[in-house]
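Asks: the following comprises the amino acid sequence and a computationally predicted model.
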Amino acid sequence: MRFKSANLSFKTVRSLNFTIGITLLGGVSLLSGLAAGTTSSWAALNLSPVAPYAFPDSDEDGVLEAVLRYAADDGNDVGEVVLMDESQGYINLDLTQGLDSSARDDDQQIYLDLTSTTTFVDESSSTLLISLFVTLSSSTTPVAIPIASIGGAACSASNCQGVFTSGGVDYFTAARAPSETQISGVRIGFYPKDICIGALAQNAAATLAGCTGTAIHQPTSSASTSFAITAAVDRVASTTTGMTYSQVDEKSSELSLILHGKALSYSCPAAEDIYFPGDSSVMVSTDFTVVGDSANAPADRLIVIADRDSLDETETFATGNELVGRFELGIGQTLFEGFENSTDGGPQLYRMNFAVRDVTGRLSPFGSDATCELTQVEASEVDGFLSANDCFIASAVFQSESFWAVSALREFRDQILRKTALGRMGIQVYYQHSPEWARVILKNPILRLPLAFVLIPLSGWVLLILHPVWVLTPMLTLMIGLLWIRKERIST
């Protein structure tokens, strides 16, 4: 068994999960619009991703970044296992899926929610339309992205317009708004593959980064694929044509869509720091070193799996293991609950392994660092002491984690022992055996008194080593006082 030897304190770790709301996004759109020299009316139209996807919290200047990242591949890497946290709603985009696919999968669309703070005038002679545009280059007018769905319904002549045909398939560049006066949480879906088809069909001379002709670039281990997307709303008198980008009523700020095809990897903390046993739980270190480069999406969560049988480290990990934890990275120790305690009836030994998930929902392979995998993880009650402290024997003897002798021994461990290799080795041996010894003490109270006679003097010497001034000052004061009293008595 491997236990944590550092200074531990069981504490509640709060993970604040920021959901990017429409109101906040509107403020960011305003800043982006002003920075680009646009009018403030552009800020009224806002794009937001659909959970679990979200924009980053902010950049270094505290400004929200409209960056949306997805995992993607073209399905040609036969035999490659892509681990996705599908149970949380993440998907690995199949870049062969598009409106020209014989068996389209709606789950392979990228969905965006569109909201405007503007109340549009209802004009019976025109139709309120919504479109998505992709920027070709700074000198070329953006072109519309074919829309696959609007409000959960597939695009067709009944709810979309601005059609063009390619390869015998109809592509719609504009969707009719469900309301003639409000754009509120309208969900639009599109296939990334269709970005390239739409660009070439609408501008034969178009050169779009991320596309070669009508083929979208698959992100690789060395490069991601990105597009700049803008939403627009306009009233059009025709019931068949789309909108012209340069004349639209409202535009959103630009959204960066980035597709990634590479998983992160990691290295784990020191063996003795990976976990520490608790009552029906263990404390897990989240201080893993994430390994990635510019082709990777940023890291998001540490994924921990545990099972008393063999671990399921495949794409079914979320349902194939007894316990699954998702924790914020870099927050020190965090509580992983749900374990069954080892008892006199027998130990409950768990296997445990780790992966790092990025913001696209893609996981590194479990065991990227083979030294992280644990095979004898257990939780033990020890009458509750394991859930509250880490000085098992002293706590069992004094029946208190806050007794001065327990605190002194704990401080000696942290300030002296763990700073040397020999001391750390001793700590590891102690944690391997002390839970069992503590159980024996708790079940045999007669052992407490003789052990107390040993531990109290030992703790006193420990305090003398750690805090000589604290210990010697009162002793010297007492000695001086006694000598003075003795002198006074002799003189009288």
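Replies: Right, received. Where do you want to start?
Asks: if I look at Q88, how far off is Y430?
Replies: Between Q88 and Y430 the distance, using Cβ to Cβ, to the nearest Å, works out to 39 Å. For glycine as for every other residue, the C-beta is placed from the backbone atoms N, C-alpha and C.
Asks: where along the stretch 151-300 of the chain do the strands fall?
Replies: 153-154, 160-166, 169-176, 186-190, 211-212, 215-216, 225-236, 250-251, 255-260, 265-267, 275-277, 281-285, 289-291, 299-307 (DSSP state E, counting those that start in this stretch).
Asks: and the contacts of the third one?
Replies: It stands for strand 169-176. 99-100, 127-131, 144-147, 150, 155-156, 159-165, 188, 194, 197-198, 201-202, 236, 242-243 (Cβ atoms under 8 Å, 6 or more residues apart in numbering).
Asks: any chance of a markdown table for the strands of the stretch 151-300 of the chain, columns distance to T118?
Replies: Formatted as a markdown table, these follow (distance: least, Cβ to Cβ, whole Å):
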| stretch | distance to T118 |
| --- | --- |
| strand 153-154 | 24 |
| strand 160-166 | 21 |
| strand 169-176 | 17 |
| strand 186-190 | 13 |
| strand 211-212 | 33 |
| strand 215-216 | 33 |
| strand 225-236 | 8 |
| strand 250-251 | 6 |
| strand 255-260 | 19 |
| strand 265-267 | 46 |
| strand 275-277 | 54 |
| strand 281-285 | 48 |
| strand 289-291 | 42 |
| strand 299-307 | 34 |
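Asks: turn those into CSV, including distance to D122, mean neighbour count and mean pLDDT.
Replies: CSV is the format used below for those (distance: least, Cβ to Cβ, whole Å; neighbours: other Cβ atoms under 10 Å; pLDDT from 0 to 100):
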stretch, distance to D122, mean neighbour count, mean pLDDT
strand 153-154, 22, 14, 96
strand 160-166, 18, 18, 95
strand 169-176, 13, 22, 96
strand 186-190, 16, 21, 97
strand 211-212, 38, 16, 90
strand 215-216, 39, 20, 91
strand 225-236, 10, 21, 94
strand 250-251, 16, 22, 92
strand 255-260, 28, 22, 95
strand 265-267, 55, 16, 94
strand 275-277, 62, 23, 76
strand 281-285, 57, 24, 86
strand 289-291, 52, 16, 94
strand 299-307, 43, 21, 97
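Asks: looking at those, which is closest to I485?
Replies: I485 lies closest to strand 275-277 among the strands of the stretch 151-300 of the chain, at 50.7 Å (Cβ to Cβ).
Asks: which is the next helix or strand following the host helix or strand of L47?
Replies: Assigned by DSSP states H and E, L47 belongs to strand 45-49. As assigned by DSSP H and E, the chain's next helix or strand after strand 45-49 is strand 67-73.
Asks: tell me which of Q88 and Y430 has more neighbours.
Replies: More crowded of Q88 and Y430, by other Cβ atoms under 10 Å: Y430, with 19 against 13.
Asks: tell me the secondary structure at that one.
Replies: helix (DSSP: H, G, I helix; E, B strand; the rest coil).
Asks: picking up where we left off before, what helices and strands are in contact with the strand holding L47?
Replies: Strand 45-49 is packed against helix 22-35, strand 110-116, strand 225-236, with contacts defined by 3 or more Cβ pairs under 8 Å, 6 or more residues apart in numbering; DSSP states H and E.
Asks: who does that strand pair up with?
Replies: Strand 45-49 sits in its sheet next to strand 110-116 (antiparallel), going by DSSP bridges.
Asks: any idea of the angle the helix or strand that the strand it pairs with is followed by forms with strand 186-190?
Replies: The helix or strand immediately downstream of strand 110-116 is strand 127-134, counting by DSSP H and E. For strand 127-134 against strand 186-190, the angle by axes from the mean of the first three to the mean of the last three Cα atoms, to 10 degrees is 50 degrees.
Asks: show me how far strand 127-134 is from its chain's centre.
Replies: Chain-centre distance of strand 127-134: 33 Å, with Cα atoms, centre = their mean, to the nearest Å.
Asks: in its sheet, what does that strand sit against?
Replies: Strand 127-134 is paired, per DSSP bridges, with strand 143-144 (antiparallel), strand 169-176 (antiparallel), strand 225-236 (antiparallel).
Asks: gap between the second one and the chain center?
Replies: In this case it means strand 169-176. For strand 169-176, the distance to the chain centre is 36 Å (Cα atoms, centre = their mean).
Asks: quick one: low-confidence ranges for the stretch 301-450 of the chain?
Replies: Within the stretch 301-450 of the chain, the segments meeting pLDDT under 70 span 344-345, 381-390, 392, 395-396, 399-402, 439, 442-443.
Asks: I'd like the distance between the closest residue to C268 other than its chain neighbours and T96.
Replies: For C268, ignoring the flanking residues on the chain, the nearest one in space by Cβ to Cβ, 6 or more residues apart in numbering is C372 at 3.7 Å. C372 sits 35 Å away from T96, going by Cβ to Cβ.
Asks: show me which of these two is the more surrounded one.
Replies: Shown here are C372 and T96; by other Cβ under 10 Å, C372 has more neighbours (20 against 16).
Asks: now do the contacts for that one.
Replies: Contacts of C372 (Cβ under 8 Å, 6+ apart): 268, 274, 353-354.
Asks: out of those residues, which is nearest to L466?
Replies: Nearest to L466 among those is I274, at 28.0 Å by Cβ to Cβ.
Asks: just to revisit the earlier point, tabulate the contacts of C372 (CSV), appending distance to L455 and neighbour count.
Replies: Listed next are the contacts of C372 as CSV, based on distance: Cβ to Cβ, whole Å; neighbours: other Cβ atoms under 10 Å:
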residue, distance to L455, neighbour count
C268, 35, 20
I274, 29, 24
N353, 38, 23
F354, 37, 26
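Asks: report the residue spans of the stretch 101-250 of the chain with pLDDT below the cut-off.
Replies: Applying pLDDT under 70 to the stretch 101-250 of the chain flags residues 138-139.
Asks: which segments of the chain make up each domain?
Replies: Residue ranges for the domains of the chain, per automatic domain parsing: 22-259, 265-380, 389-472.
Asks: any chance of the strands paired with strand 127-134 in JSON lines with distance to D279 as columns?
Replies: As requested, the strands paired with strand 127-134 are exported to JSON lines (distance: least, Cβ to Cβ, whole Å):
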{"stretch": "strand 143-144", "distance to D279": "59"}
{"stretch": "strand 169-176", "distance to D279": "55"}
{"stretch": "strand 225-236", "distance to D279": "48"}
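Asks: quick one: which of the ones you listed is nearest A408?
Replies: strand 225-236 (58.0 Å).
Asks: hmm, back to that, got the angle for the strand holding L47 vs strand 255-260?
Replies: Orientation check (the same axes, to 10 degrees): strand 45-49 against strand 255-260 gives 20 degrees.
Asks: what is the mean pLDDT for strand 45-49?
Replies: The pLDDT scores in strand 45-49 average 92.
Asks: which residues touch A44?
Replies: Going by Cβ under 8 Å, 6+ apart, A44 touches 26, 116-118, 250.
Asks: of the residues you listed, which is the most crowded?
Replies: With neighbours taken as other Cβ under 10 Å, the top of the contacts of A44 is S116, carrying 24 neighbours.
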